[in-house]
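Q: Fold the following and give me the result.
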Amino acid sequence: MGDNRNMILAVVLSAIVLLGWQYFIAGPQLEKARIAQEARQAEQAAQQPPATGTDPAGSPSTVAPGGAAGGRATFATRAEAIAATPRVPIDTPELFGTVNLKGGRIDDVSLKGYRVSVDRDSANVTLLSPAGTADAYFAEFGFVAAAGDTTPVPNAETVWTAPAGATLTPQTPLVLTYDNGQGLVFQRTLSVDEHAMFTVRDEVRNTGSGAATLYPYGFVMRHGTPQTSGNYILHEGLIGVLGEEGLQEVHYSDLAEEGALKPPAVKDGWLGITDKYWATALIPAGEAGFQPRFLHTRAGAMDAYQADYLRDPLVVAAGQSAATDTRLFAGAKQVKRIDAYEAELGIRNFDLMIDWGWFYFLTKPMFYLIDTLFMLVGNFGVAILAVTVIIKGLFFPLANKSYVSMSNMKKIQPEMLELRERFKDDKMKQQQAMMELYKREKINPLAGCLPILVQIPVFFALYKVLFVTIEMRHAPFFGWIHDLSAPDPTSLFNLFGLIPWDPPHILMIGVWPIIMGITMFVQMKLNPTPPDPAQAAVFTWMPLIFTFMLASFPAGLVIYWAWNNTLSVAQQSFIMHRQGVKIELWDNIKSTFSRKKPASG
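A: Prediction:
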């Protein structure tokens, strides 16, 4: 219909932009990232991983490694690296691993509740790994002496002493000791809660005759550039909330280009490294300020990324002791647990660890609604269906008004066609006559846009929830959908698995995308075919375009869209029937597939 031309054009252009972005930008970027990651892994076999030390300014840093014989070095396996140094086990309800007594590092952490794949027999997710492995990722704490002071202080090479048979559990903290032999005795107490928060308390006792000035530091470091999702709606990389500076998000590529980013010193906040579902974060505790920094170093083909802090000086008078406290989060980004840490520990904006995006005021409530329903029904897919019904109910008055207006417009379609024919050579008069007709019949020609406009923010919020929250990871629905956060794994082009062939990405059109396309097609065919051939073609092809476009989206989102279309068809049919408007669904579908008879000459 002519008066909806701009709206239709906007919808079509949006679809084209989304489709183009998905297949010509996002797809190639993901493939490029995959290829680059494989190349890096091959190159890393010939490189020695970076070691840690201190830079001339006295803050924790990385230094270039020395070459191995022949200019090549090999990585140790994770098991070999763990066996190479003395360790103390970690065992909590959610984590297992070890503390490295060399350096007092937390460099071996795996997650009990999460598997690498939906296969229950697959390996547990590994978060932290020791230096010397191909994917080293660890946290370290220590001290830097004042400039010119050569007093030995704990660093990466320090071997701490632990009680025999010790194990770090929520009930049994681990106490490490180190005596530098020059009047300073260091005691490190590591505690862990039942989830994923470590507490590191470093106490210094000065038995010498003079005061000692020490600068506590901490960092999390990752060797190698990890493969990210490559999606613009999610941040993966270095992150922090630093006092009044607020949220800091640093991409790996940007840090590699900049080399180092040094925000102003702050009194509170946190910083670390985040993946899609997991993160490590340092949270300096107490009133002492700290200097945060994000750092990139490179040796050969090996990149190292680091988030670190250097605290204000700790002055320990002779015969006295002093202490500094830091927390380390190392685990899964569970929404309720992250929120609880923020509230219970007073961590500034810790909820920003999860990338809710600019529309967090929609996204976060959407998650909590789905999660609440999940607690009732026990299935996230069913919860999404229930949320769709709730949203339909909330917006029923708006949708009802829209569908009534569309039904009334259908009633006056003969008059509209007559006006178009009468003023076919004068578009201005045609539009004026149309507007008078709408005014007389009390019809809003743009009413049909309202359900679409309402659906857009809901669609985006649900997409964000499915994409970023770990609660949706590996959440099953029914049948072949074992992960609502992943695309439908079936494909029409191998007959849904009957043909032993893996189609290319663009041809992975699963069962649910097809159902979604059919329901969208049926919804559009509730209305008569537009007289304008161009508009008719748009309505005909749009369901097919969206089928291909949404095939690579999370299955939960496609299920939502299909169910939403089904409810819309039922709702619109009911309203049309109540308004006395003939439902020409089957006639419209038949006309779409029937051949038009050529005009006789």
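
Q: Centroid-nearest residue for the protein?
A: Val468 (3.3 Å; CA atoms, centre = their mean).

Q: List the contacts of it.
A: Listed by CB atoms under 8 Å, 6 or more residues apart in numbering, the contact partners of Val468 are Ile233, Leu234, Lys276, Ile354, Asp355, Trp356. Quick note: C-beta positions are derived from backbone N, CA and C, even for glycine.

Q: and with 6 Å instead?
A: The contact partners of Val468, taken as CB atoms under 6 Å, 6 or more residues apart in numbering, are Leu234, Asp355.

Q: From Ala461, how far off is it?
A: Val468 is 11 Å from Ala461, where distance means CB to CB, to the nearest Å.

Q: what does Asp179 give?
A: 56 Å.

Q: Same drill for the two, tell me which one is more crowded.
A: Neighbours per residue (other CB atoms under 10 Å) separate Asp179 from Ala461, with Ala461 holding more: 22 against 14.

Q: dump the residue contacts of the more buried one.
A: Residues near Ala461 by CB under 6 Å, 6+ apart: Leu362, Thr363, Met366.

Q: Can I get those in a markdown table including neighbour count, pLDDT and distance to Ser568?
A: Compiled in a markdown table, these are given as follows (neighbours: other CB atoms under 10 Å; pLDDT from 0 to 100; distance: CB to CB, whole Å):
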| residue | neighbour count | pLDDT | distance to Ser568 |
| --- | --- | --- | --- |
| Leu362 | 18 | 89 | 20 |
| Thr363 | 24 | 91 | 23 |
| Met366 | 25 | 92 | 19 |
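
Q: and the residues you listed, which of them are in helices?
A: Applying DSSP state H to the contacts of Ala461, the entries found in helices are Leu362, Thr363, Met366.

Q: from these, which is closest to Tyr252?
A: Thr363 (24.3 Å; CB to CB).

Q: The closest one contacts Asp351, correct?
A: No: judged on CB atoms under 6 Å, Thr363 makes no contact with Asp351 at a distance of 11.6 Å.

Q: count of neighbours near Ala323?
A: Number of residues near Ala323 (other CB under 10 Å) recorded here: 15.

Q: And what about it, helix, strand or coil?
A: Assigned by DSSP: H, G, I helix; E, B strand; the rest coil, the conformation of Ala323 is strand.

Q: So that it lines up with my notes, have the first residue be 149 from now on.
A: That works, and once the first residue is 149, the last one we named lands at Ala471.

Q: and the spatially closest residue to it that is not a sequence neighbour, helix, strand or coil?
A: Nearest residue to Ala471 in three dimensions, chain neighbours excluded: Glu351, at 4.1 Å (CB to CB, 6 or more residues apart in numbering). Secondary structure state of Glu351, per three-state DSSP, is strand.

Q: Which strand residues bridge Glu351?
A: When assigned by DSSP bridges, Glu351 has beta-bridge partners Gln335, Ala471.

Q: List the residues that contact it.
A: Residues in contact with Glu351 (CB under 6 Å, 6+ apart) are Gln335, Ser469, Ala471.

Q: hmm, back to that, need the ones in helices among the contacts of Ala609 in JSON lines with distance to Leu243, can you?
A: Listed next are the ones in helices among the contacts of Ala609 as JSON lines, based on distance: CB to CB, whole Å:
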{"residue": "Leu510", "distance to Leu243": "33"}
{"residue": "Thr511", "distance to Leu243": "28"}
{"residue": "Met514", "distance to Leu243": "29"}
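
Q: Just the closest of these to Pro440, please.
A: Nearest member of those to Pro440, counting by CB to CB, is Thr511, at 27.3 Å.

Q: quick one: contacts for that closest one?
A: Contacts of Thr511 by CB under 6 Å, 6+ apart are Trp504, Gly505, Ala609, Lys612.

Q: So it versus Phe607, what's the distance?
A: Taking CB to CB, one finds Thr511 at 12 Å from Phe607.

Q: low pLDDT regions in the stretch 349-498 of the chain?
A: Under the criterion pLDDT under 70, the flagged ranges of the stretch 349-498 of the chain are 378-379, 447-448.

Q: Go again with 90.
A: Across the stretch 349-498 of the chain, residues meeting the criterion (pLDDT under 90) sit at 356-358, 374-382, 392-393, 434-436, 446-450.

Q: Tell me where it has strands.
A: 360-371, 385-390, 395-399, 408-409, 417-422, 426-432, 438-447, 450-459, 462-464, 469-480 (DSSP state E, counting those that start in this stretch).

Q: Sheet partners, orientation included, of the shortest one?
A: Right, strand 408-409. According to DSSP bridges, strand 408-409 forms sheet pairs with strand 438-447 (antiparallel).

Q: relative to strand 450-459, how tilted is the strand it pairs with?
A: If you take axes from the mean of the first three to the mean of the last three CA atoms, to 10 degrees, strand 438-447 sits at 160 degrees to strand 450-459.

Q: ok, back up a step: from the contacts of Thr511, pick the one nearest Ile560.
A: Ala609 (36.5 Å).

Q: and the closest one, backbone torsions?
A: Torsion angles at Ala609 (phi, psi; degrees, to the nearest 10) stand at phi -60, psi -40.

Q: Against Ile254, how distant is it?
A: 36 Å.

Q: how does the chain divide up, domain by domain?
A: Following automatic domain parsing, one finds the domains of the chain at 235-497, 512-615+624-741.

Q: nearest to Ala224, of these?
A: Ala224 sits nearest to domain 235-497 of all those, at 4.7 Å, using CB to CB.

Q: for the closest one, how far is the first residue from the last?
A: Using CA to CA, to the nearest Å, one end of domain 235-497 lies 34 Å from the other.

Q: go on, stretch 643-658?
A: 10 Å.

Q: could you give the mean pLDDT of it?
A: The average pLDDT within stretch 643-658 is 81.
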